[in-house]
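Asks: whatever this is, show me its structure:
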Amino acid sequence: MTHKIAEPYSGKNPVPNIATKLTSLVNPEKATDAKAQQLQDQSARREEKQTEKNARRLAKGHAMHVTDPTTGEELDIRNVDEEPDLRSKGDNVLRQDFPPPNWREHRDHVLSITNTSITYSSAAFVGCFVLSTLFSSVAVRCLCLLPAAFVTYCLFFRVNKAAEADFEQRIWHAERMRGLAAGSDVDGDGKVTDDERTRESAEWANAVIRGLWPIINTDLFSSLVDMLEDIMQSSVPSFVHSVRVVDLGLGSNAGRITSIRSLPDAISRDTGDPVNGEDSLAEMGINAETISPDDREALDGDHVNLEVSFAYQGLPSGQSAASKAHNIHLLVEFFVGLKGVYGVRVPVWVEVTGIVGTARARLQLIPNPPFVKTTLVTLMGLPRITISVVPLSKALPNVMNLPFISGFISSSLDTAAAEYVAPKSLTLDLQRLISGDDIKKDTEAVGVLIVHIHRATGIKKMDTTGSSADPYVTLTFSRLEKPLYSTRIIKGDCNPVFEETAVLIVDINTIKLRERLSFQLWDSDRMSVDDMMGFAEIDIVDLIRERGKPTRRVSPLSSPDSQSRPGSIEYTVGYYGKLPPNKALATDGSDPSLPDDLRNQPEFKDARAVALNDLEAAVLVTPPDPEWPSGLLSVQVHEIRDLSVKTMGKERRGGKGREGEKGQDDGEETAEEGEDLPSSYCTISLNDELAYETRVKPITSSPMFNAGTERFVRDWRKAHITVTVKDSRLRENDVVLGTVFLKLSEVFVNACEVTRCYSLEKGLGTGRIRISLLFRPVDAKLPPNLLGFDTGTLEIRDVSVQSELAELAKCEIRLKTTTAEAEEKVSRKTAERRNDRIVWSPEGATKIPVRQRYAAALLISFRDKSGFKSSGRKALGVLWLRDIVDRAEGPVDVSLWRAKDGDYSRLKLNYVPPNGDLAYWDSDKEKVERIGTVTLDLVFWPGISEKHHEMLGGAGAKKRAAWDEYDRQKAAGFRDSIGELAAQVPRDHQASESHETQAREGEQQAPGRTDETMTDGPVNTQEGDGEDARQDEEAHGTNTTVSADDVEVQSGADVDQDGDSEQHDHESQESSDGDSGKKKRGVVRKLKEWRQHEKELHRDHRGMMQAKPARTAEWIKDNIEEGAQAVKDRFKMKARQPDVETEV
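Replies: Residues are numbered from 1 along each chain as shown. Next comes the predicted model:
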């Protein structure tokens, strides 16, 4: 496993914990997670056990056999001794003798040239002698011998120079071989291994380090400080509710490199030759031609390997702070007390007195300056780190070493270092570090898996009575513990029809680990642990080989234990990779919305980050292509500057201000630390769904987060990102310091990557937050009905029925979704006959809040209310909300059903297409009959509205916080255009597909196919989002689905918005009509206005809420509600849903 510098912690990269044993309460949900972990890949569990065993042996001083991630060699490592020898063991290769040249080859070469020269000289003299016999004069005969003498001189001169040149070449070759070998063949096997290679001293490097050490900017180590802080934060005991590393100093005492040596490349065990890049890819089963050059470079490349031994020994320090500042030091603050109730700050001074260790590095070489890109660093065992801890509080004794705190910090340092001990490693992008750029220009993910879960058939009955099962499906990677996606629970069904779509992100580590996509079928239990009914797996590498080509399969379920588990699961899955930017859309970096006289001025252009290759350069000047709306979005929160809490007048000091005094402080002086500063953290929401939460940065005005996440975006033209900054407080609810609302179509105007500073709005704080957004499209085209939001409001204008069942005219209509408890009623008094239809036309539109839209259905129940009480459901219509397009207004036809035995449970939970085709039902078809058609005049407005108040997750403080965020966004006018299709493209460019997006590696893009699954595509063909959904589907097609006729059957051996605005206008009109009817302002109206005004005051901590006791009382009330909700949820039947991604 490899880590990257400044890599944010997430579910894939959790914060390491100090090894402790904690007890926790047992509940069914945790037990289910534990059982899922036990059912993971057997090899992964064996690997974890072996790692734990090796770690214990390493701690006892034994050697540990590992694979060096830099060279690939098998070697033994051990921790540094308790009392290491700090003397340099480096040597100088110049002191070693040359390996003897091959004198036999030199002699043969010289003799060969000499013999040839003698032969040519003899031939020259013989020829000249024969020529001289033709002349009688002695003088002429002597002149005839001169050419032979000249030829002889030249030949012997050539022999001399050739002999010298060959001698020099062999001597320098011996010197080169001495440097390459740099050691002695101790074991006599004819090869110089890694352990036999000479370690050279590097005093020249130490001289450079001594000069740089005092002037190095410690901000370079901010990511390492954050990691240390996170490890301590996640591992502290319960009475320490927060830890902060306030400062890091290097001092003036520099570290030293004790020795350095080069290492050879990895040797193949099969051939004995160095392993090249293509061979390493082949070992993973990946064809190098099927992946992009960037991915191939990330997987492997040309490298140079080095081993460096280092040591640091602190100077003797006295009692003064100045003497301790000469060495590496940390200032750490512990906040001790009861979390959320009371805390005391305890600062301690940590002085590093010694570090000894060995590291190996692999430098990836590139042809352009600075000629080094990715550097992989690994530690050869835990380095020996010694520290001294001194408390800085006057209330504590000033002893040189605190045993508990010192041991805790030492363990934290060891845990941080253990993350980089072989076989683990740290990856540094030296090219980016040298260029001074911290902005991502490409996503960590290389593509996505789009999975359509259709149905399961013939599964085992798991209930205690043996009558049925309550199945649901989770998607996970075979080596991963938590679910990545979970379907809804279908109660009491052994042949469930799910028809749900999931998108999973694939990164480099997923490919390297040879992960398999696992479909796990579970049986949900209310009071006990969920049981796994079986699983099916598919190799992700096989999907990558068939990029852009979805596969539909029916796979038999494998049993997780020794018992036989019948059944199969049907699904469609395909891999889709990233696309390069469309060159036809390239801009000059200016914002086209600015006036012409300002557009070309440098101060109005975005600051361009440093581009290291052609792809990064294109990302910085090319907006996303509207032809490819789906892709990967990276959101990164860097830091907040000048963060503070607003002060309304002089309430913080109490009393009135003096005459002539300013009403409020100007805020010209901002302290970086102080008791009154906020403890901030950030939440990131995508399309009103919480996606990420950072860790808390206690008591600072300049919190450094460098945290973020990557998410799949269905349609960037409609999507929006909300970053909310909150203040974690004691004895009161966390408050919103500010919000940043970003609509992607307005951000990505002239580039796919944007980094800007935004002001915090509509909160209790002030400051500027730096955020980076990056979008990379993938070559997947989803049908229009799958490009919408997961949260929204369903507005129904009227309902009409065409059926021969006459008694429906006496029925009341009840409307509800399967993911919510509340229902809306349409009175039977509004029903009237129009030709052959019965139409219910209420005075106002019925609005139903929706969450988890793509797993929800709208139930249209008809109940007879002609008597004194309801006589039961007469008919039922079901509309699955995955089949409609956002913001598309107009009629939608749905099949109307009647159950022969009155049991509509299967219709409620199993997917049924709007045309009523039950071909995918394997049972109970005969129990229902179609009796007509229901026509709904409806529209789906994306985003949260006021109707969602009761649907927000949790209770108490959680619900209040979620609603507070929405309330502030609405007050700021952010929600006026939620979900609108608005792709802004520079006017001087056309949105046409480039050569890169049309073809990959010389192959044209496959023609689009319409959706031929059981869903049949969108059912509302009216214009939505400014374009016709059906025409858009026909023009662009979809490449993520497969017809049911092409299914592969595997055998067992193969295995707010305009809606809100309209609602507000409608309510305003009703209020106006009511007022005109009454001709006066009633007491109720005044009471509502007073309550609304008080709500606005309380939101900004004014009025009664400006007093701390009032906020504390509200906090106590919300905590009681949360506790009651937790008890209530404990007995609910829930699927194993993915958690919100966090850093801790």
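
Asks: ok, Lys947 - contacts?
Replies: 793, 847-849 (C-beta atoms under 8 Å, 6 or more residues apart in numbering). Heads up, the C-betas are built off the backbone N, CA and C, glycines and all.

Asks: kindly recompute the last result at 7 Å.
Replies: Residues in contact with Lys947 (C-beta atoms under 7 Å, 6 or more residues apart in numbering) are 793, 847, 849.

Asks: now the first one: how far from Ser759?
Replies: Spelled out, that is Thr793. Per C-beta to C-beta, to the nearest Å, Thr793 is found 30 Å from Ser759.

Asks: which of the two has more residues huddled nearby?
Replies: Remark: of Thr793 and Ser759, Thr793 carries more neighbours, 23 against 10, as counted by other C-beta atoms under 10 Å.

Asks: quick one: what helix or strand has the more buried one in it?
Replies: If you go by DSSP states H and E, Thr793 is part of strand 792-803.

Asks: Arg104 now?
Replies: helix 103-132.

Asks: packing partners for that helix?
Replies: helix 138-144, helix 146-181 (3 or more C-beta pairs under 7 Å, 6 or more residues apart in numbering; DSSP states H and E).

Asks: could I get the contacts of Lys947 as a markdown table with pLDDT and distance to Leu228?
Replies: Shown next, in a markdown table, are the contacts of Lys947 (pLDDT from 0 to 100; distance: C-beta to C-beta, whole Å):
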| residue | pLDDT | distance to Leu228 |
| --- | --- | --- |
| Thr793 | 92 | 46 |
| Lys847 | 91 | 50 |
| Pro849 | 91 | 44 |
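
Asks: out of these, which comes closest to Ala751?
Replies: Nearest to Ala751 among these, counting by C-beta to C-beta, is Thr793 at 33.2 Å.

Asks: how close does the closest one get to Ala311?
Replies: With the distance defined as C-beta to C-beta, Thr793 ends up 65 Å from Ala311.

Asks: so what's the residue count around Leu620?
Replies: 23.

Asks: can you list the helices and strands packed on helix 103-132 in CSV and add mean pLDDT and mean neighbour count?
Replies: Converted to CSV, the helices and strands packed on helix 103-132 look like this (pLDDT from 0 to 100; neighbours: other C-beta atoms under 10 Å):
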stretch, mean pLDDT, mean neighbour count
helix 138-144, 84, 12
helix 146-181, 83, 14
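
Asks: which one of these lies closest to Lys441?
Replies: Between these, helix 146-181 lies closest to Lys441; by C-beta to C-beta that is 37.7 Å.

Asks: is it possible to export the helices and strands packed on helix 103-132 to JSON lines including distance to Tyr472?
Replies: Shown next, in JSON lines, are the helices and strands packed on helix 103-132 (distance: least, C-beta to C-beta, whole Å):
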{"stretch": "helix 138-144", "distance to Tyr472": "108"}
{"stretch": "helix 146-181", "distance to Tyr472": "61"}
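
Asks: break this structure down into its domains, please.
Replies: Per the record, the chain has its domains at 18-65, 103-182, 217-435, 451-575, 588-621, 622-647+676-782+1099-1143, 792-942, by the TED database.

Asks: first-to-last residue distance for the last one?
Replies: Distance across domain 792-942, first residue to last, is 4 Å (C-alpha to C-alpha, to the nearest Å).

Asks: Trp522 and Tyr854, how far apart?
Replies: 20 Å.

Asks: neighbour count: these two, which is higher?
Replies: Trp522 (27 against 20).

Asks: what's the closest non-adjacent residue to that one?
Replies: Asp530 (4.9 Å; C-beta to C-beta, 6 or more residues apart in numbering).

Asks: and Pro100, by the same measure?
Replies: Ala174 (7.2 Å).

Asks: that neighbour contacts Pro101, correct?
Replies: Yes. Counting by C-beta atoms under 7 Å, Ala174 does reach Pro101; the two are 5.1 Å apart.

Asks: so where's the stretch 1-150 of the chain uncertain?
Replies: 1-62, 69-73, 79-96, 98 (pLDDT under 70).

Asks: paired strands for the longest strand along the chain, with orientation please.
Replies: If you go by DSSP state E, the chain has its longest strand at strand 342-365. Partner strands for strand 342-365, per DSSP bridges, with pairing direction: strand 303-313 (antiparallel), strand 329-338 (antiparallel), strand 372-379 (antiparallel), strand 384-391 (antiparallel).

Asks: turn those into TSV, including mean pLDDT, mean neighbour count and distance to Asp922.
Replies: Shown next, in TSV, are those (pLDDT from 0 to 100; neighbours: other C-beta atoms under 10 Å; distance: least, C-beta to C-beta, whole Å):
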stretch	mean pLDDT	mean neighbour count	distance to Asp922
strand 303-313	87	19	56
strand 329-338	81	18	56
strand 372-379	84	20	52
strand 384-391	84	19	63
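
Asks: wait, which of those strands is closest to Ile508?
Replies: strand 372-379 (11.6 Å).

Asks: which residues does the nearest residue to Ile699 once chain neighbours are set aside contact?
Replies: Excluding the flanking residues, the one nearest Ile699 by C-beta to C-beta, 6+ apart is Leu677, at 5.1 Å. By C-beta under 7 Å, 6+ apart, the contact list for Leu677 reads 644, 699-701.

Asks: just to revisit the earlier point, looking at the domains of the chain, which has the lowest confidence?
Replies: Across these, domain 18-65 has the smallest mean pLDDT, namely a mean of 49.

Asks: list the contacts of Asp715.
Replies: Asp715 touches 629-630, 787, counting by C-beta under 7 Å, 6+ apart.

Asks: if you set the cut-off to 10 Å instead, what comes out?
Replies: By C-beta atoms under 10 Å, 6 or more residues apart in numbering, the residues touching Asp715 are 626, 629-631, 687, 744-745, 782, 784, 786-789, 886, 979, 981, 983, 1025.

Asks: surely Arg210 meets Ile216?
Replies: No. Using C-beta atoms under 10 Å as the test, Arg210 is too far from Ile216 to be in contact (11.5 Å).

Asks: ok, and for stretch 747-757, which residues are buried?
Replies: Residues 747-755 are the ones in stretch 747-757 that count as buried (16 or more other C-beta atoms under 10 Å).
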